[in-house]
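Novice: attaching a predicted model along with its sequence, questions to come.
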There are 2 protein chains.
Amino acid sequence: MVKRTSFEGDGCPIARSLDALGDWWSLLIIREALFGLRRFGEFQSKLGMAKNILSVRLRSLVDHGILATAPASDGSAYQEYVLTPKGRGTFPILVALRQWSEEFDDRPEEIATVLVDRAKGRPVKKLEMRAEDGRLLSPADTTLKPRATRRRRLA
Amino acid sequence: MVKRTSFEGDGCPIARSLDALGDWWSLLIIREALFGLRRFGEFQSKLGMAKNILSVRLRSLVDHGILATAPASDGSAYQEYVLTPKGRGTFPILVALRQWSEEFDDRPEEIATVLVDRAKGRPVKKLEMRAEDGRLLSPADTTLKPRATRRRRLA
DNA sequence: CTCCAGTGGTTGCATCATAAAACCAAGTTG
DNA sequence: CAACTTGGTTTTATGATGCAACCACTGGAG
């Protein structure tokens, strides 16, 4: 079993997320999908990746419920890949990755784009972690608690 | 070159982030480091990963300025791996990954832990994206702008 | 209908990364 | 100083990745 060590059974939600989108291409595919790309060829030419890898990744993302295949859209008989709500839910992850790069990259001058508020054209604020009551939290202000395990319902 | 396609030269900050921590183990190592793990053996036994891989990953994280080697701490002559500010800066990424899993995982009952506000013991709020003036932004409220740059891009 | 270009993949092969286990050297302990 | 622990490296097997070639289907021109 020299497999890629799947984290499916792991109790850590971070590991579980990585199991779905923790490879080199998945998040980039999702990024392009958020930009509106839908067709196989669009992803392939935009990302410049091998078609077989793209094929595998798209299938994996569909299996994970992040993308769904839609039978049409512009009339042609081809298939499209569209984000599900679960897929669109990755947006904060992408923003966090982007902001981390903006803040800590060794060569920030190579970063080509800025995420801005569409209305004002100004950069978005850094993501903040807040408590239920709105207090700003630092990492040190948080801790992990075991989840209250409730009885399993309908196996 | 069939290499792992490094995204170092890419202008996309997401790709640049993934280049540093986009593999299966790096973010989990960082997660453990945020929990206070410092020693090689601690990471190895907690994550259950092969020692050679851990060795390579730790070196990579050090090269990327995410971890730094500290010569001691408890008196022993061994070496420790501690997070740099850049490493601690990944916290929002981990929170985003965690929250995505909490919100969309197909088997949420398998998630073992909850991130809580230490003071109140209550779960932290979802990360929010806000404009400079504080308005809450949805993905659709944002757009990408080319960065103001004086340097020519590679043709 | 036939031919042909474009789209959307799959297959083969070479190379790289990963994993498990064996091995090893320095540090620490008895 | 002998034994054990820590912190790795080496070896070997196998899975993943990348490129190129190939193939099926679509849509359009003739």
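Specialist: Structure's in. What do you need?
Novice: which residues of chain A fall in strands?
Specialist: With DSSP state E as the criterion, chain A has strands at A:67-70, A:80-83, A:113-117, A:142-146.
Novice: geometric centre of chain A: which residue is closest?
Specialist: A:T90 (3.8 Å; CA atoms, centre = their mean).
Novice: got the contact list for that residue?
Specialist: Contacts for A:T90 were tallied using CB atoms under 8 Å, 6 or more residues apart in numbering or on different chains; they are A:L21, A:L27, A:I30, A:I66, B:W100. The way it works is simple: take the backbone N, C-alpha and C, and place the C-beta from them, glycine included.
Novice: and of these, the nearest to B:R122?
Specialist: B:W100 (19.8 Å; CB to CB).
Novice: the closest one contacts A:P92, doesn't it?
Specialist: Yes. With contacts counted by CB atoms under 8 Å, B:W100 reaches A:P92, the gap being 7.2 Å.
Novice: shared neighbours of those two, anything?
Specialist: By CB under 8 Å, 6+ apart, no residue touches both B:W100 and A:P92.
Novice: follow-up on the earlier one: would you list the strands of chain A in CSV and tack on mean pLDDT and distance to A:G9?
Specialist: Formatted as CSV, those follow (pLDDT from 0 to 100; distance: least, CB to CB, whole Å):
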stretch, mean pLDDT, distance to A:G9
strand A:67-70, 94, 24
strand A:80-83, 96, 26
strand A:113-117, 95, 35
strand A:142-146, 94, 17
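Novice: any chance of the ones you listed in CSV with distance to chain B and mean neighbour count as columns?
Specialist: Shown next, in CSV, are the strands of chain A (distance: least, CB to the nearest CB, whole Å; neighbours: other CB atoms under 10 Å in any protein chain shown):
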stretch, distance to chain B, mean neighbour count
strand A:67-70, 13, 15
strand A:80-83, 10, 18
strand A:113-117, 4, 19
strand A:142-146, 5, 15
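Novice: show me chain A divided up by domain.
Specialist: A:13-84, A:91-131 (automatic domain parsing).
Novice: could you pull out the helices for chain A?
Specialist: Secondary structure of chain A (DSSP state H): helices at A:13-21, A:26-34, A:40-47, A:51-63, A:85-88, A:91-104.
Novice: mind listing what's buried in the fifth one?
Specialist: By neighbour count with 16 or more other CB atoms under 10 Å in any protein chain shown, helix A:85-88 contains the buried residues A:K86, A:G87, A:R88.
Novice: closest one of those residues to B:M49?
Specialist: Nearest member of these to B:M49, counting by CB to CB, is A:K86, at 27.8 Å.
Novice: the closest one touches A:D63, doesn't it?
Specialist: No. The criterion here is CB under 8 Å, and A:K86 misses it with A:D63 at 11.9 Å.
Novice: residues from chain A in reach of DNA strand D?
Specialist: A:2-4, A:23-25, A:49-53, A:56, A:76-78 (CB under 7 Å from any atom of the strand).
Novice: now, of the residues you listed, which are buried?
Specialist: A:D23, A:W24, A:W25, A:M49.
Novice: could these go into JSON lines alongside pLDDT and distance to chain B?
Specialist: Listed next are those as JSON lines, based on pLDDT from 0 to 100; distance: CB to the nearest CB, whole Å:
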{"residue": "A:D23", "pLDDT": "87", "distance to chain B": "8"}
{"residue": "A:W24", "pLDDT": "85", "distance to chain B": "6"}
{"residue": "A:W25", "pLDDT": "93", "distance to chain B": "9"}
{"residue": "A:M49", "pLDDT": "93", "distance to chain B": "8"}
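Novice: tell me, which of the buried residues of helix A:85-88 make contact with chain B?
Specialist: Among the buried residues of helix A:85-88, the residues lying close to chain B (CB under 8 Å from any CB of the partner chain) are A:K86, A:R88.
Novice: of all the buried residues of helix A:85-88, which comes closest to chain B?
Specialist: For the buried residues of helix A:85-88, the residue nearest chain B by CB to the nearest CB is A:K86; the value is 4.3 Å.
Novice: what's near enough to touch that closest one?
Specialist: So A:K86 contacts A:H64, A:G65, A:I66, B:F104 (CB under 8 Å, 6+ apart).
Novice: show me what contacts the residue nearest to the first one when sequence neighbours are not counted?
Specialist: Across the structure, with CB to CB, 6 or more residues apart in numbering or on different chains as the measure, the residue nearest A:H64 apart from its sequence neighbours is A:A20 (4.5 Å). Remark: with contacts taken as CB under 8 Å, 6+ apart, A:A20 is in contact with A:S26, A:H64, A:I66.
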